[in-house]
Every structure is written in C-alpha cells, then in structure tokens.
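Q: Show me how the following folds:
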Amino acid sequence: MVSGRKRQFDEQTALQAAMEVFWAKGFVGASLADLTKSMNINKPSMYSTFGNKETLFIKATQHYIENNMKVHLDALFTPDVPLKTRLKNYMMSIVTMQCSTDQPKGCYLVLCQSEVAGGDIPEQAAKLLVEIEAAPKTLFTDLFTSDKEAISLGLNQNAASNALSLYTALKGTAAMARSKVTSTELAFVIDTILAGVFSSNINLAKPRATLQ
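A: As a prediction, the model looks like this:
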C-alpha cells in the first residue's frame, strides 16, 4: 500500500500568513481554525512544523520584528541628516506601515501587548512581549544619550522622558491607524510631538549666564 504524500508548503509563507492573523485578531482572538485556514495547512502540519499556538505566535512575532520593524531603523541612523529629520523619517516610516492597506491596520506588537495584562497569553509569549515593549524606549534613550546633536540640544538630560514621549506617540498612532485615520493626518501628530520634545529641551543646552 502506498502512503499518501505529505502536503508541501512554504514555511515562510505560512508563517507570514499566521503573523497577519495575529496582527488582525491578537493572540486571544486568533483561533486554530483561523490560523490553519490562512496558512493553508492542516492542524497536524501546523503542530509538526511550528509547534503549538504559543510557539507559533513566538515565531510569528520574531518574524514581524525581522521583516516589519528592523527595516525602519535605517532612517534613524542616516548619516549627515539632522536629528529631528531622522526621528520624523523613522516615526513616519512606522506610521505609514501602521496605516498601510497591504496588511492589518495598526501595530501587531501594540495589539498583542495590550492582551498581556488580561493574563490570557501563555508565559513564554507574554515574556517575549514584555521584553519587546522595552526595546523602543531603550532605542530612543540610547540615541538621546549618545547622539552628538542630541547632546548639544540638551535632549540627553531628559533622555528617558523624551524616549517615553516618542514611544507613547507611536502607540497612539497605532490605535488611530486601526481606526482608519490616515498617515497624512497622523503626520501632524508626529510633527507636534517632535516640536514639543525639541522645544521643551532646547533651553537645557544653553549655558546659564554667570552672575556679575
């Protein structure tokens, strides 16, 4: 008796499909039926290739970071470009992705991180999301404390608070993008938050006049 051939599929294509389901519905809302249908595989194939739902989610999350987030970093570290311009280009690159019609709206990470507090995400997946949550704030803080222009503008003196302001703005634009606000509209939000950060810190860089 000849056994049936195993169904062939591209793992990266299936992982991309799973990522988009989690992006649209979150970890809790994504059922196994949703995942296998989108991935175009059956449950045994999913389990044998990707493990259980938690393991699949971890792999999909890592896939998202590698393919959807790291690409924005080039704008932040472009040589010979003013800091404010680099920050705007970086943040607008993310906002454009959040508003794109080519994938679910908003941010995969923001949506799934909002589920952690409910306690419905398994331990290892929740741990990964918490670790990822800290990364953008660390990225901005390190930039403000090491970039020569940032230091000259005094942005290093409130680096953590400045970083939190920018990250909060990006989490906000993710929510608004999910509500179908356009990237053109959200560009004003980015301009406003950057103007606030730069203007509130500029006086810190000025030397104080000495008393006569």
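Q: buried residues in the longest helix along the chain?
A: Using DSSP state H to define each element, the chain has its longest helix at helix 123-146. Residues 125-126, 128-129, 132, 136-137, 139-141, 143-145 are the ones in helix 123-146 that count as buried (16 or more other CB atoms under 10 Å). Using the backbone N, CA and C atoms, a C-beta is placed for each residue, glycine as well.
Q: That helix: what's the following helix or strand?
A: From helix 123-146 onward toward the C-terminus, using DSSP states H and E, the following helix or strand is helix 148-152.
Q: Not counting its own residues, what contacts that next one?
A: 82-83, 143-145, 156, 159, 205 (CB atoms under 8 Å, 6 or more residues apart in numbering).
Q: Tell me the helices and strands packed up against the helix or strand following it.
A: Using DSSP H and E, the next helix or strand after helix 148-152 towards the C-terminus is helix 159-178. Secondary-structure packing of helix 159-178 (3 or more CB pairs under 8 Å, 6 or more residues apart in numbering; DSSP states H and E): helix 83-99, helix 108-113, helix 123-146, helix 183-201.
Q: okay if I get the ones you listed as JSON lines plus mean pLDDT?
A: Shown next, in JSON lines, are the helices and strands packed on helix 159-178 (pLDDT from 0 to 100):
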{"stretch": "helix 83-99", "mean pLDDT": "97"}
{"stretch": "helix 108-113", "mean pLDDT": "94"}
{"stretch": "helix 123-146", "mean pLDDT": "96"}
{"stretch": "helix 183-201", "mean pLDDT": "94"}
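Q: Redo the ones you listed as a markdown table? Include distance to Met176.
A: Output for the helices and strands packed on helix 159-178, formatted as a markdown table (distance: least, CB to CB, whole Å):
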| stretch | distance to Met176 |
| --- | --- |
| helix 83-99 | 8 |
| helix 108-113 | 11 |
| helix 123-146 | 17 |
| helix 183-201 | 6 |
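Q: And these: which comes nearest Val28?
A: Closest of those to Val28 is helix 108-113, at 8.9 Å (criterion: CB to CB).
Q: quick one: that closest one to chain centroid distance?
A: How far helix 108-113 lies from its chain's middle: 8 Å, per CA atoms, centre = their mean, to the nearest Å.
Q: Tally up the residues packed near Met10, please.
A: No Met there; residue 10 is Asp. 10 (other CB atoms under 10 Å).
Q: Do you know the pLDDT at it?
A: Asp10 is assigned 89 on the pLDDT scale.
Q: what do you get for Gln212?
A: 41.
Q: Leu56 reaches Leu35, doesn't it?
A: Yes. Leu56 is in contact with Leu35 according to CB atoms under 8 Å; the separation is 6.9 Å.
Q: For Ser100, grab phi and psi.
A: The phi/psi pair for Ser100 (degrees, to the nearest 10) reads phi -60, psi 150.
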